[in-house]
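Asker: This is a predicted model, with the sequence first.
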Amino acid sequence: MATVHKINEDLVKERQKCTFNVQELTYLLDGGEEVTKERREFENILRNVKELQDEVPEVYLSHKERYENAVRKTCILQNVRNDFEKKREVLSPRNIFRAGYAVIKDVSPFFLHNGMFVPTIIGQGTPEQQAEWLPKAKAMAIIGTYAQTELGHGTFIRGLETTATYDAKTEEFILNSPKVTSYKWWPGGLGTTVNHCITVAQLYINGKKYGIHPFIVQIRDLETHKPLPGIKVGEIGPKMGFATANNGFLGFQNFRIPRKNMLMKNAQVLKDGTFVKGMNEKLTYGTMVMVRVNIVSDSAFHTAMAATIAVRYAAVRHQSQLKAKEPEVQIIDYLTQQHKLFIAIATSHAFSNTYTWLYQAYLKVVEDLGKQKQDHLPELHALSCCLKATSSRDAGVIVEQCRLACGGHGYMASSNLPIIYGYTTAAITYEGEHTVLLLQTARYLMKAWMSALEGKVLAPSVAYLVDWLKSDKQRWQNTPEVIVKGFQHVAAGKIKDAFDAIQKHVKAGKDYEDAWNLASVQLIKASEAHSRAILCDGYLRETVRTSSSVSPSLAKVLNHLVQLYIVYWTLETAGDLLVYSNIGKDDIAVLKEKYEELLALIRPNAVGLVDAFDISDEILQSTLGSYDGRVYERLMEEAMKSPLNKEPVNQSFHKYLKPFIKKAKL
Ligand SMILES: CCCCCCCCCCCCCCCCC/C=C/C(=O)SCCNC(=O)CCNC(=O)[C@H](O)C(C)(C)COP(=O)(O)OP(=O)(O)OC[C@H]1O[C@@H](n2cnc3c(N)ncnc32)[C@H](O)[C@@H]1OP(=O)(O)O
Ligand SMILES: Cc1cc2nc3c(=O)[nH]c(=O)nc-3n(C[C@H](O)[C@H](O)[C@H](O)COP(=O)(O)OP(=O)(O)OC[C@H]3O[C@@H](n4cnc5c(N)ncnc54)[C@H](O)[C@@H]3O)c2cc1C
């Protein structure tokens, strides 16, 4: 039987101070009591699977052993999930992703299967294609990934070099990788795990190029797992993080696949080689839109993990005296520490709230597309790009801030903060590089600005441009609603400046594309300001909406958090607000005080707030952040697992050190 340890006294006291019902907040964050119960039940089952407990911490395994262990455990996880779903309902995708962290310390080699392979079959396949591949993929009789990026191109996907040439005689596509730069590079699980992949390739029919399209390709034998003839596949080697994601490379040499393997929900190739254009060629990029939306949720979760670790640690850790002769204080009582940590909690809430409405907007566009309507697609694309970019970037900054807030111990692998950072920082690059996505949104914003100038009706997310043009800046008040308007004014002002800069360069004789490049620093700043306005506006709206349906004590805390988020960003971007809104220097002084008041109001609830994220110790994997707060004991226990502590004298002493010392003495 597992030993039950006493909970750290500081944490006990912190939990007693909490002014709201933690469970109520957990239900709210999960999306309902039922979802929480399902999640807890599943996590509890996993907790009791003996084979999932690591005898040796993963960090001490070799690259190969670590991967093999990850495959072993993911297979067990999948079996447990199948059994669970046979008896009960199908687990929600968010719950299954979350439980995955309890099993795989890093990133699962099957990550892309559920994250992109299955969704692409759903989003890009015809009903017949879905009927053929979905049941097998969902049951994991076939395992796949999403192979788009190549050595030569990741961002500019129109420049991909893998070719799929149609042969009408045999009704097949012939896949080729003509150059080293055309090799697929990066897809998760591709290295040695998957047997199928979605390959994005340039379509050629009778010598004519028809752009990039997705093809479902079997790359390994289902029995032997050997690469099929014409396939060159392998793993790309160690990275900054993603140690067990098994990212791979892939090349094709005259590799044939049947015509039906081109995913044809959008464009089609008929038997005779006739190409039928889809409603909109950008629908081929649909999986990326979906994943970008999901990354906002992932960013919320990683921020919550880091906040949980750092807040609990800050409650347990005592260091230095505030006043002479008094005991050393809990580091959470330093205002600078609260400044580092409470924004982490609020940011996670901001992203969760944003994900809630963004996901609904995504579902609405999918529904519309089913009816051949695509009016809201450009707005969704622009939103998903800037919100993915901002949420992943903020999450990276916050996780690092939480690590720093844990001092030296935050640098220990056993704190789990390094792995969480490796993950969040990767998300800034994958699924559309940060700057590139901000520029996609800027493209939309320039068009929106033009439409606003022409007096047209704008989509809801940019409607503030019309208001800004119509009215002069409204009188400043230090209320969340007016501050959000202030962020919209900053965005509108920066959008106008970027637009004017482009016009100026064009007037000076530059091509539009060169003018765009010359204005691109201003364009990304405009996009960032737009993101912040959207995040603050959405977070405030959602909080107001939910506040009426929760208990008054919880509503109060949610209100403190959203205010903290808005005031934090006001102070961070005070320079911009001074330039573009009616805020005055005196208002900034008032808001600085307000910020300090909010830190004080949140302080007694800090531990309760991170407890409400309800991230189990198995998922947190952190010596610093466990529920019981046994920080020092756990650090020591983990250190004792080091293989270097298994013998009193390491062999290197006899082999190298002893002769070296002897020589040095002479
Ligand atoms: C169901 C609930 C689930 C909950 C789960 C919760 C948590 C789970 C989290 C799970 C997360 C899973 C993560 C898994 C992924 C991890 C691994 C990573 C994988 C990858 O990285 S895959 C590869 C991704 N690659 C990219 O993102 C490439 C980036 N490049 C591009 O997207 C494009 O090339 C481009 C956008 C930069 C430019 O394209 P292009 O040159 O063709 O286009 P233009 O710039 O010329 O624009 C032309 C017009 O098209 C519009 N456009 C562009 N893209 C889209 C789009 N996607 N949709 C709609 N419209 C689009 C432009 O806006 C232009 O329009 P305009 O009107 O002409 O201005
Ligand atoms: C951990 C991880 C997992 C991944 N998993 C997958 C996967 O499963 N499947 C898959 O297909 N891919 C995957 N990728 C690849 C990923 O999608 C690409 O790396 C990403 O889209 C960026 O493309 P790139 O590497 O070509 O960067 P580049 O485009 O070469 O970027 C380099 C620099 O150039 C700048 N730049 C490029 N174009 C422009 C422009 N138009 N304007 C201004 N600046 C520009 C960028 O801002 C950046 O600073 C993964 C990547 C990582 C890191």
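Answerer: The structure has been received and is ready for your questions. Residues are numbered from 1 along each chain as shown. Ligands and ions are numbered 1, 2, ... in the order given.

Asker: count of residues packed around the closest residue to ligand 2 within the chain?
Answerer: In the chain, the residue that lies nearest ligand 2 is residue 154 (2.4 Å; C-beta to the nearest ligand atom). C-betas here are computed from N, CA, C, even on glycine. Neighbour count of residue 154, defined by other C-beta atoms under 10 Å: 18.

Asker: Begin at 23, not 1, for the rest of this chat.
Answerer: Sure thing, new numbering starts at 23, so read that last one as residue 176.

Asker: check whether stretch 504-524 contacts ligand 1.
Answerer: No - using C-beta under 6 Å from any ligand atom, stretch 504-524 stays clear of ligand 1, with a minimum separation of 13.8 Å.

Asker: ok, and what's touching the helix or strand residue 232 falls within?
Answerer: In this assignment (DSSP states H and E), residue 232 forms part of strand 230-240. With C-beta atoms under 8 Å, 6 or more residues apart in numbering as the test, strand 230-240 has contacts from 142-143, 146-147, 151, 155, 164, 166, 179-180, 182, 186, 195, 197, 217-226, 250, 277, 279, 283-285, 289, 297, 303, 306.

Asker: For ChimeraX, write a command that selects the buried ones of these.
Answerer: In ChimeraX, a selection of the buried entries from the contacts of strand 230-240 looks like this (16 or more other C-beta atoms under 10 Å):
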select :142,143,146,147,151,155,164,166,179,182,186,195,197,217,218,219,220,221,222,223,224,225,226,277,279,283,284,285,289,297,306
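
Asker: Filter the contacts of strand 230-240 down to just the ones in helices.
Answerer: Within these, residues falling in helices by DSSP state H are 142-143, 146, 151, 155.

Asker: could I get those residues as a markdown table with distance to residue 481?
Answerer: Shown next, in a markdown table, are the ones in helices among the contacts of strand 230-240 (distance: C-beta to C-beta, whole Å):
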| residue | distance to residue 481 |
| --- | --- |
| 142 | 27 |
| 143 | 30 |
| 146 | 25 |
| 151 | 32 |
| 155 | 35 |
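
Asker: do the one helix or strand residue 63 maps to and ligand 1 meet?
Answerer: Assigned by DSSP H and E, residue 63 falls within helix 55-69. No - using C-beta under 6 Å from any ligand atom, helix 55-69 stays clear of ligand 1, with a minimum separation of 11.7 Å.

Asker: helix or strand right after that helix?
Answerer: Later in the chain than helix 55-69, the nearest helix or strand by DSSP H and E is helix 85-109.

Asker: and that following helix, what does it pack onto?
Answerer: Helix 85-109 is packed against helix 55-69, helix 115-125, with contacts defined by 3 or more C-beta pairs under 8 Å, 6 or more residues apart in numbering; DSSP states H and E.

Asker: And the longest one, what's buried?
Answerer: Neighbour-count burial for helix 55-69 flags 57-58, 60-61, 64-65, 68 (criterion: 16+ other C-beta under 10 Å).

Asker: And stretch 644-651, by the same measure?
Answerer: With burial defined by 16+ other C-beta under 10 Å, the residues of stretch 644-651 counted as buried are 644-651.

Asker: Run through the residues of the stretch 273-422 of the chain sitting next to ligand 1.
Answerer: Counting by C-beta under 6 Å from any ligand atom, the stretch 273-422 of the chain sits next to ligand 1 at 304, 307, 310-311, 313, 316-317, 319-320, 399-400, 403.

Asker: now do 5 Å
Answerer: Listed as neighbours of ligand 1 in the stretch 273-422 of the chain under the rule C-beta under 5 Å from any ligand atom: 304, 307, 310-311, 316, 319-320, 403.

Asker: Give the ChimeraX command for selecting the buried subset of these.
Answerer: Provided next is the ChimeraX selection string for whichever of these are buried by 16+ other C-beta under 10 Å:
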select :307,310,311,316,319,320,403
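
Asker: in the chain, which residue is closest to the centre?
Answerer: By C-alpha atoms, centre = their mean, the chain has its centre lying nearest to residue 317, at 3.4 Å.
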